[in-house]
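Colleague: this one's structure only:
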């Protein structure tokens, strides 16, 4: 039973399109994250939600909009996709009682053509 | 700004060789330290972590890391690597205040040849 699951795993789309990636965790965690891993494997945090409230919002274009309908779900919507958005997007979750220890999903590889 | 520096970008070893991957972080306060591993095509998994106490921590698969506060370092070691250790290794830290976010290093790609 997957702890942090993301869909879709692969996404190929044209520039200018809008797409969403969904994430769900069944670990009972209260904090969820989106990380972006670029082609050089560098991981950078984008957003974090704690109990459905946005707590971390790094310097990310406002074309990216996270939504957390409940604390087990964190979705990422991207408008007007650009070539530079091509990356692997990782969802993660953690418990605030377990400082900084994240559990990652398998990643969603987005390719913008 | 807080950052993590991993000195080795690519490491190639033969099986049974010893491994040490360097990691230095940049932050003056109390930190929690982590090593994550990403096997080819897979998600990141926690290898080991340091929160407090004994600065030498042991993780899964025979890995260990030592926190040296004076050097802001948290190097990863394994006495004898195996082919299955081929992966990308990421050092990370979080600040011990407020809501946590992990700051990752740029990763070290380890290739172990049989």
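Modeller: Looks like it came in fine. Note that this is a predicted model, so its numbers are computed, not measured.

Colleague: from here on, contacts and neighbour counts on C-alpha atoms
Modeller: OK.

Colleague: Closest residue of chain A to chain B?
Modeller: Going by C-alpha to the nearest C-alpha, chain B is nearest to residue A:106 of chain A, at 4.4 Å.

Colleague: show me the contacts for the one residue in chain B that gets nearest to chain A.
Modeller: Residue of chain B nearest chain A, by C-alpha to the nearest C-alpha: residue B:43 (4.4 Å). In this structure, residue B:43 makes contact with A:104, A:105, A:106, A:107, judged by C-alpha atoms under 8 Å, 6 or more residues apart in numbering or on different chains.

Colleague: my guess is the third one contacts residue A:3, does it?
Modeller: It refers to residue A:106. No: using C-alpha atoms under 8 Å, residue A:106 is not in contact with residue A:3, being 10.1 Å away.

Colleague: what bits of chain A have low per-residue confidence?
Modeller: A:1-2, A:97-100 (pLDDT under 70).

Colleague: Strands of the chain, residue ranges please.
Modeller: Just going to use chain A. Ranges of strands in chain A, per DSSP state E, are A:4-7, A:10-13, A:19-25, A:31-37, A:43-50, A:53-57, A:64-70, A:73-78, A:87-94, A:103-104, A:108-112.

Colleague: other chain: chain B
Modeller: For chain B, applying DSSP E gives strands covering B:3-5, B:10-14, B:19-21, B:24-26, B:31-38, B:44-50, B:56-58, B:64-68, B:73-78, B:87-95, B:103-104, B:108-113.

Colleague: Please identify the most buried of the ones you listed.
Modeller: Highest mean neighbour count of the strands of chain B: strand B:87-95, a mean of 25 (counted as mean count of other C-alpha atoms under 10 Å in any protein chain shown).

Colleague: I'd say residue A:68 and residue A:52 touch.
Modeller: Yes: Residue A:68 is within contact range of residue A:52, at 5.3 Å (criterion: C-alpha under 8 Å).

Colleague: about what we covered before: which of the strands of chain A sits most buried?
Modeller: Scoring these by mean count of other C-alpha under 10 Å, the most buried comes out as strand A:87-94, with a mean of 26.

Colleague: give the contact list for the most centrally placed residue in chain A.
Modeller: Nearest to the mean C-alpha position of chain A, counting by C-alpha atoms, centre = their mean, stands residue A:34 at 3.1 Å. Listed by C-alpha under 8 Å, 6+ apart, the contact set of residue A:34 reads A:45, A:46, A:47, A:48, A:76, A:89, A:90, A:91, A:92.

Colleague: quick one: residue B:108 and residue B:12, what's the gap?
Modeller: When C-alpha to C-alpha, to the nearest Å is applied, the distance between residue B:108 and residue B:12 equals 10 Å.

Colleague: do the same with residue B:31
Modeller: From residue B:31 to residue B:12 the distance is 30 Å (C-alpha to C-alpha).

Colleague: returning to that earlier point: among the strands of chain B, which comes closest to residue A:60?
Modeller: In terms of C-alpha to C-alpha, the element of the strands of chain B nearest to residue A:60 is strand B:103-104, at 15.9 Å.

Colleague: name the helices or strands packed onto that closest one?
Modeller: Other helices and strands packing on strand B:103-104, by 3 or more C-alpha pairs under 8 Å, 6 or more residues apart in numbering or on different chains; DSSP states H and E, are strand A:43-50, strand B:3-5, strand B:87-95.

Colleague: Using CSV, please lay out those together with distance to residue B:37.
Modeller: Shown next, in CSV, are the helices and strands packed on strand B:103-104 (distance: least, C-alpha to C-alpha, whole Å):
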stretch, distance to residue B:37
strand A:43-50, 12
strand B:3-5, 16
strand B:87-95, 5
